[in-house]
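J.: Got a predicted structure here, sequence first:
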Amino acid sequence: MLRTIKPKNARSKRALDARLPKEVEDQRTAIFVKGTHTGETLNAVMRDLMALKRPNAISFSKKNTIHPFDASTTSVSSLEFWAAKNDASLFLIGQTSKKRPNSLTFVRMFDGRVLDMIEVGVESWAGMDSFKTRKSTPGHKPLMHFASELFDTHPRYIQLKSMLMDFFNGEVVDSICLPGLEHVISITCAPTPASLINAPVNMYPNQQRSAPEDLSSLPKVHIRTYTTRLLNSGTRIPRVELTPMGPNLDLTLRRHQAADPELLKQAMKRPKLKKTDIEKGLGKKRKNLEVDEMGDLRGRVHVGKQDLGRLQTRKMKGLKGEDLDAEEDGDMDVDGKADEDDTPQDGGRRKRRKE
Amino acid sequence: MDVSNILASHAAKYQSVTVQKETPLEVDAGFLTVTDLNPIDEESYNENLEEHLQSLARDGVQTLFSSLFTLYARPSPDGPLAQLPLPTTQLPRAKPLPKPKPPTKWEAFAAAKGIQHKVRDKKVWDEEKQEWINRWGREGKNRQVEEQWITEVPLNADADYDPRKVARDARKERIAKNEKKHTQNVSRANTAANPRDARKKDIEKTLATTRISTASMGKFDKKLEGEKKIRGVKRKFDPAESSVANEAQASLALLSRIDSDARKTRREPQPEESVLNTRKAVRFASKGRGGLALGREAAGGRSSRGGSRGRGGGKGRR
């Protein structure tokens, strides 16, 4: 653990305050760590991914003996130490070995502890330099595109989607400059094999960690990056064309560690929405308002609740008597004036009430 | 009139922006993310991978752009700023939710009294200099008396009376007082933060109450082993003799307390002590429209509101 520091001046106090938990969080900072061996491929992959993640990226230039999936090592405590020291909550660890060549490990932290991890192997790779096209501006938010039904059904791919969204795009912003949407990160799976379509989905991957999964049945994941070109379409919405930008990655899923349910529950807690935000229409569907195809805001005017009790239906003798009685009672309670020319019986009741 | 030619030329000029898919794409505009849950077509995947991926991505991005461009957009110097909705995808937080700050004693009091927080300007207007100067800090207003080159001295002042020192001491005292209040607030927040201790104290209090809540006030009750005797509050008395200065100070404090504003307002009767609450009566008689309307009505003769007056009279008789 880091020792707690008492700020001695206003500047260091501001720096410490910036690290305190916030209701609406900033973008996660990622630390790029090299393991004991990283080949030429991994170095280049990490450099390109860092170019996409910049400016919220920190690179560790030295090699580190780190094996996050090996519980017998002190890797997890090292990760926690680095996270606290750098105020970072994401790690990308590159490590190549004979058994697992070119493996990248995504580690996500919560509250200074490891939340979950995913290991992927880089099968093929094309860097940013290999495409002589326009590149995106560093710091611009990417659009994300996921394609495959597995991202909705398979726990491994749901976790991967969540991790990649957090890695590239996990920041809540209230507005975005439309011309600033320059590049797309597209994540597509290979066609789903029949064994995965019919197989019952293991909803509790934590409990069966001892039994190794059949990794070969998990389809490949293709990560592609494109820049967007907006063409005139004659309507308000432009026609989009894409140009490959790089890096292009083909990944296979390897080991993973799902989030501890208790820790995940804490991490998923949402702040209560403020009253002003709710009034502004955040956090709930704005009723009676919609934006039509022309981009105009259209409202539906409230026309009062229809009183179905007054609806004239078929008149029947049997229903008539009850209704009249009920009406008389109501009149007497609400308005004293109406009773004045009523039966003496009612007048007597009124007197009694006065006493 | 046949417009098919015009339509065809328009279609040739502009490409379509609509995307047709079996399962409609899921758009999370808050995270600028689109998810295509349609199964991947194996044939086109094997035929030409890059082209297949790019066409898939284009369709997805087109859908995403369609939803982004229909959002309400504010104009800005760099282009339209689309107001994004809250994201629908739930991602884990990086840090736990911030804990609410415990209120200071003043904040608790202000909340109870309904006192609104007023922001005090950092700058105050200086009449002599005719400019805005800092309330505190560099060349601040609070140090003006200490720093000015000439200061008025009261007529009956001592020979060694130093107005600068007096002003400085007063300022230092205010700072010390604020610091003291701050530490008190911090320590109060620390003790209040432990619900276990508060609960323990609560239980002990209840236990003590129950022990003296018998007919004999606990005197003849069976005692458990190891049960201690309840200790009440030990009264403290000031010494009978004390210095004259102390005594005078205590008496003056008592007098000032008796004479304080809070006491006065409570003790003095309300100036208007009448059986009839005129304000309420006027409001009632005029049916909430005020005395002026009532006067106008009386001057203008009988209005058609005879019935209402009758009802008002009826209430009065009760």
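T.: Cool, the structure landed. Quick caveat, the model's predicted, so the values are computed rather than measured.
J.: okay, CA-based contacts and neighbour counts for the rest of this
T.: Fine.
J.: Tell me who's in contact with A:Asp87.
T.: A:19, A:29 (CA atoms under 8 Å, 6 or more residues apart in numbering or on different chains).
J.: how about a cut-off of 10 Å?
T.: Going by CA atoms under 10 Å, 6 or more residues apart in numbering or on different chains, A:Asp87 touches A:18-20, A:28-31, A:81, A:112, B:94.
J.: for B:Val166, same thing?
T.: Neighbours of B:Val166 in contact, by CA under 10 Å, 6+ apart: B:145-146, B:172.
J.: My reading is that A:Ser233 lies in a helix. Confirm?
T.: No. Using DSSP: H, G, I helix; E, B strand; the rest coil, the secondary structure at A:Ser233 is coil, not a helix.
J.: So it sits against A:Glu241, correct?
T.: No. In this structure, A:Ser233 is not within contact of A:Glu241 by CA atoms under 10 Å, at 11.6 Å.
J.: so of the contacts of A:Asp87, which ones are in helices?
T.: Counting by DSSP state H, the part of the contacts of A:Asp87 found in helices is A:18-19, A:81.
J.: that older thread, counting neighbours, which of the contacts of B:Val166 end up buried?
T.: B:145-146 (16 or more other CA atoms under 10 Å in any protein chain shown).
J.: between the contacts of B:Val166, which is closest to A:Glu290?
T.: B:Lys172 (60.2 Å; CA to CA).
J.: doesn't that closest one fall inside a helix?
T.: Yes. Counting by three-state DSSP, B:Lys172 is located in a helix.
J.: I'd like to know how far it sits from chain A.
T.: 20 Å (CA to the nearest CA, to the nearest Å).
J.: picking up where we left off before, from the contacts of A:Asp87, which is closest to B:Ser76?
T.: A:Arg28 (27.0 Å).
J.: Would you map the helices across the stretch 1-150 of chain A?
T.: A:10-19, A:40-53, A:75-86, A:150-153 (DSSP state H, counting those that start in this stretch).
J.: Now do the shortest one: which elements does it pack against?
T.: Meaning helix A:150-153. The contact analysis (3 or more CA pairs under 10 Å, 6 or more residues apart in numbering or on different chains; DSSP states H and E) places helix A:150-153 against helix A:155-169, strand A:183-189, helix A:194-198, strand B:33-36.
J.: Give me the helices and strands touching the third one, please.
T.: For helix A:194-198, the helices and strands in contact under the criterion 3+ CA pairs under 10 Å, 6+ apart are helix A:150-153.
J.: Convert the helix it packs on to CSV, retaining C-alpha atoms only.
T.: Only the C-alpha atoms of helix A:150-153 are listed here, as CSV (Å, rounded to 0.1, in the frame of the first residue of the first chain):
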residue,chain,number,x,y,z
LEU,A,150,-22.0,-13.8,-29.4
PHE,A,151,-21.6,-10.3,-27.9
ASP,A,152,-25.1,-10.8,-26.4
THR,A,153,-25.1,-14.5,-25.6
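J.: tell me which residues of the helix or strand hosting B:Val166 are tucked away?
T.: B:Val166 belongs to helix B:163-192 when assigned by DSSP states H and E. Residues of helix B:163-192 classed as buried by neighbour count (16+ other CA under 10 Å): B:163-164, B:167-168, B:185, B:189.
J.: what bridges to A:Leu143?
T.: A:Val184 (DSSP bridges).
J.: mind listing what it touches?
T.: A:165, A:168-169, A:181-186, A:225-228, B:29, B:31-34, B:61, B:64-65.
J.: For it, give its distance to B:Asp36.
T.: 14 Å (CA to CA, to the nearest Å).
J.: Contacts only, for B:Gly232.
T.: Counted by CA under 10 Å, 6+ apart, B:Gly232 has contacts B:Ala208.
J.: And the pLDDT for it?
T.: pLDDT, B:Gly232: 77.
J.: Phi, psi for it please.
T.: phi -80, psi -170 (degrees, to the nearest 10).
J.: quick one: A:Leu104 and A:Lys22, what's the gap?
T.: 30 Å.
J.: Tell me the helix or strand right after the helix holding B:Val166.
T.: Following helix B:163-192 toward the C-terminus (DSSP H and E): helix B:195-211.
J.: Return the distance of that following helix from the chain's centre.
T.: 32 Å (CA atoms, centre = their mean, to the nearest Å).
J.: what angle do it and helix B:163-192 make?
T.: 80 degrees (axes from the mean of the first three to the mean of the last three CA atoms, to 10 degrees).
J.: so what secondary structure elements neighbour helix B:195-211?
T.: helix B:163-192.
J.: for the record, mean pLDDT for the helix it packs on?
T.: Per-residue scores along helix B:163-192 average to 92.
J.: before we move on, back to that, kindly present the helices of the stretch 1-150 of chain A as JSON lines, with separate columns for mean neighbour count and mean pLDDT.
T.: Formatted as JSON lines, the helices of the stretch 1-150 of chain A follow (neighbours: other CA atoms under 10 Å in any protein chain shown; pLDDT from 0 to 100):
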{"stretch": "helix A:10-19", "mean neighbour count": "12", "mean pLDDT": "91"}
{"stretch": "helix A:40-53", "mean neighbour count": "19", "mean pLDDT": "94"}
{"stretch": "helix A:75-86", "mean neighbour count": "17", "mean pLDDT": "93"}
{"stretch": "helix A:150-153", "mean neighbour count": "20", "mean pLDDT": "91"}
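J.: which residues touch A:Ala15?
T.: A:Pro7.
J.: cool, and B:Gly290?
T.: Contacts of B:Gly290 (CA under 10 Å, 6+ apart): B:279, B:282-284.
J.: what's the closest of the buried residues of helix B:163-192 to A:Phe60?
T.: Nearest member of the buried residues of helix B:163-192 to A:Phe60, counting by CA to CA, is B:Ala189, at 40.6 Å.
J.: can I assume the closest one is in contact with B:Thr104?
T.: Yes. Between B:Ala189 and B:Thr104 there is a contact under CA under 10 Å: 7.9 Å.
J.: residues touching residue 289, list them.
T.: Picking chain A for this. A:Leu289 makes contact with A:297-301, according to CA under 10 Å, 6+ apart.
J.: hmm, I had chain B in mind actually
T.: B:282-283.
J.: where does chain A have low pLDDT?
T.: A:1-3, A:198-213, A:273-286, A:295, A:319-355 (pLDDT under 70).
J.: mind listing the strands for it?
T.: A:30-34, A:57-63, A:90-95, A:103-110, A:113-126, A:143-147, A:175-177, A:183-189, A:221-231, A:239-244, A:248-257, A:289-291, A:297-299 (DSSP state E).
J.: quick check, the fourth one touching chain B?
T.: Looking back up the chat, that one is strand A:103-110. Yes. Under the criterion of CA under 10 Å from any CA of the partner chain, chain B is reached by strand A:103-110 at A:108-110.
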